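# just coords:
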């Protein structure tokens, strides 16, 4: 049986749709694009776009909607709660943000001490560390960013950027790496990174797909994209 889910992405994103195609054909992603609110780099998308695109996805009878815009969740403490309510109201189905999915995924893997390696600036990384601490009780012991100035620059980054950052900051107390950024191409590299680091790596799109599999109560496992999708661990209490 084919399952359908909706994904909302910033209008500038050129990666999420490509990584959705790595899923088995029985999982069909339907994508809506969102314009930036204009409040600065990596700012949340316009509320009216979220409402409209969610309604459109609802007409496709998707079973859930994911906002693949991790940085948006860092702008306000209540952003996840507010935006998922808007998405659910529009589409008529459960909703989740990719930032929520990442935090839940790390806890499901049994990790609590994390390192964040991201395309973002130092300031955005600091907000990410605070978010994961306050929302998921994850302690960030190392931070590394590529200081990309916009989404277009993120889309041009490659796995070597992350690999070099891992090498600079890896230490024994790190239990898992978080690599946020829906426009940072990562899916094809996660398994290799984990073999090199001998630690789990959680990325924005990978975690979103994990949350989708859990929501659908799927028995499918997706080897080749890291431990999270190969094992699909249940949510931690």
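Yes, it's here. Since the model is a prediction, treat every value here as computed from it, not as a measurement.
# ok, then the element right after the helix or strand residue 207 falls within?
Following DSSP states H and E, one finds residue 207 within helix 204-215. Remark: after helix 204-215, the chain's next helix or strand is helix 227-231, criterion DSSP H and E.
# buried set for that next one?
227, 228, 229 (16 or more other CB atoms under 10 Å). (Glycine included, C-beta is placed from N, CA and C.)
# Just put those residues in JSON lines and tack on pLDDT and distance to residue 220.
Listed next are the buried residues of helix 227-231 as JSON lines, based on pLDDT from 0 to 100; distance: CB to CB, whole Å:
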{"residue": "227", "pLDDT": "98", "distance to residue 220": "15"}
{"residue": "228", "pLDDT": "98", "distance to residue 220": "13"}
{"residue": "229", "pLDDT": "98", "distance to residue 220": "9"}
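# Redo these as CSV? Include distance to residue 62.
Formatted as CSV, the buried residues of helix 227-231 follow (distance: CB to CB, whole Å):
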residue, distance to residue 62
227, 27
228, 22
229, 20
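# Specify which member of the residues you listed is nearest to residue 125.
Taking CB to CB as the measure, residue 125 sits nearest to residue 228 out of the buried residues of helix 227-231, at 21.2 Å.
# where does this protein have its least confident helix or strand?
helix 151-155 (a mean of 62; mean pLDDT, DSSP states H and E).
# Tell me where the protein has strands.
Taking DSSP state E to define them, one finds strands in the chain at 3-10, 27-34, 65-67, 95-97, 113-118, 139-145, 176-179, 201-203.
# Please identify the deepest-packed of those strands.
Of all the strands of the chain, strand 65-67 has the most neighbours on average by mean count of other CB atoms under 10 Å, namely a mean of 31.
# Residues touching it, excluding its own?
With contacts defined as CB atoms under 8 Å, 6 or more residues apart in numbering, strand 65-67 is touched by 5-8, 50, 54, 57, 83-84, 87-88, 90-91, 93-98, 101, 208, 211-212.
# Also stretch 209-227?
Contact with stretch 209-227 is made by 3, 5, 22-24, 26-27, 63-64, 66, 94, 96, 100-101, 104-105, 108-109, 187-188, 190-191, 193-194, 200-203, 206, 228-232, 234-235, as judged by CB under 8 Å, 6+ apart.
# tell me the contacts of the spatially most central residue of the chain?
Centrality entry for the chain: nearest residue to the mean C-alpha point is residue 204, 2.1 Å, by CA atoms, centre = their mean. Going by CB under 8 Å, 6+ apart, residue 204 touches 68, 70, 98, 101, 102, 179, 180, 181, 182, 184, 186.
# go on, residue 116?
125, 128-129, 132, 140, 142-145, 177-180.
# Nothing else from me, thank you.
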